[in-house]
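Q: sequence unavailable; structure follows:
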């Protein structure tokens, strides 16, 4: 059995400044690749999990892709998610996703002493996105259904995400921006939870690529990404920086950093791709006093440029 600490950490996973927002899990990235890069991805993300980072990125690829993800977070808080990307004909590209975060067997006490029982906490985000290319610009929009359940209280709500990406210099530079979690929730107990509406702006750069003299195959491919995010409710800003190097189009090494976060700063990860399947892992050392480290695993099948 566990005490209330996991719930407190889940609901207040980020330092509050002034007015606070809830549903903090919405500010935690869905996939291991992005989490290893300092939780960046508004300009870089492709694949099925881009649907939650910047829906415009769905238009960067063709073909179908399916992804599964699992987070081992603080104090036994876990996340499970699935995301898919599909071609939608003349409409452009479509994405679908479901992500659930929670913990179980929390001890309930009305007063000091023996526990009165146990309860669970669960948050769910599910939705669909549509993206298309308009000339060189990629545009995307996402609709979200949200659910929160704490003890015997529950509430639902709806939100929308909006995103844009602009590839430049033969796609060696990509600019991206997204407005996430614009919406509202029903009352939970006596008042509604305020969503963490967030603005993200960033750039991704491919500084160099090493090709084989014999067949032109890519031997080494590097990517750098820098991103700025701000929670418009708490007015809390963060800088996200990530670097990745892919060797022989198979193994990718990732490093990242995120500023102004109570739980984490540096991150690292690995990716392995073969036969259309990619396995990603992210390691997230937590700050002293929060336990950890955290682990994120993602599996992606399909997808193509």
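A: Perfect, I can see it now. Remember, predicted model here, so these are calculated numbers, not experimental data.
Q: only C-alpha atoms from now on, for both contacts and neighbour counts.
A: Will do.
Q: and the helices in the stretch 1-150 of the chain?
A: Remark: helices assigned in the stretch 1-150 of the chain by DSSP state H, counting those that start in this stretch are 5-11, 32-36, 50-53.
Q: mean pLDDT lowest for which of these?
A: With a mean of 47, helix 5-11 has the lowest mean pLDDT of the helices of the stretch 1-150 of the chain.
Q: can you give me the strands in the stretch 1-150 of the chain?
A: 62-72, 78-87, 93-108, 117-134, 137-150 (DSSP state E, counting those that start in this stretch).
Q: any idea of the mean pLDDT in the second one?
A: Think strand 78-87. Rounded mean pLDDT across strand 78-87 is 93.
Q: also the first one?
A: The pLDDT scores in strand 62-72 average 93.
Q: buried residues in it, which are they?
A: 62, 64-72 (16 or more other Cα atoms under 10 Å).
Q: is it true that residue 245 touches residue 269?
A: No: look at residue 245 against residue 269 with Cα atoms under 8 Å: they stay out of range, at 11.0 Å.
Q: more crowded one of these two?
A: Neighbours per residue (other Cα atoms under 10 Å) separate residue 245 from residue 269, with residue 269 holding more: 24 against 19.
Q: show me the contacts for the more buried one.
A: Listed by Cα atoms under 8 Å, 6 or more residues apart in numbering, the contact set of residue 269 reads 32-33, 36-37, 253-255, 280-283.
Q: who does the residue nearest to residue 187 when sequence neighbours are not counted form a beta bridge with?
A: Excluding its sequence neighbours, the residue lying closest to residue 187 (Cα to Cα, 6 or more residues apart in numbering) is residue 155, at 6.3 Å. Counting by DSSP bridges, residue 155 forms beta bridges with residue 148.
Q: which residues do residue 245 and residue 269 both contact?
A: Shared contacts of residue 245 and residue 269, defined by Cα under 8 Å, 6+ apart, comprise 253-254.
Q: got phi/psi on residue 73?
A: phi -100, psi -160 (degrees, to the nearest 10).
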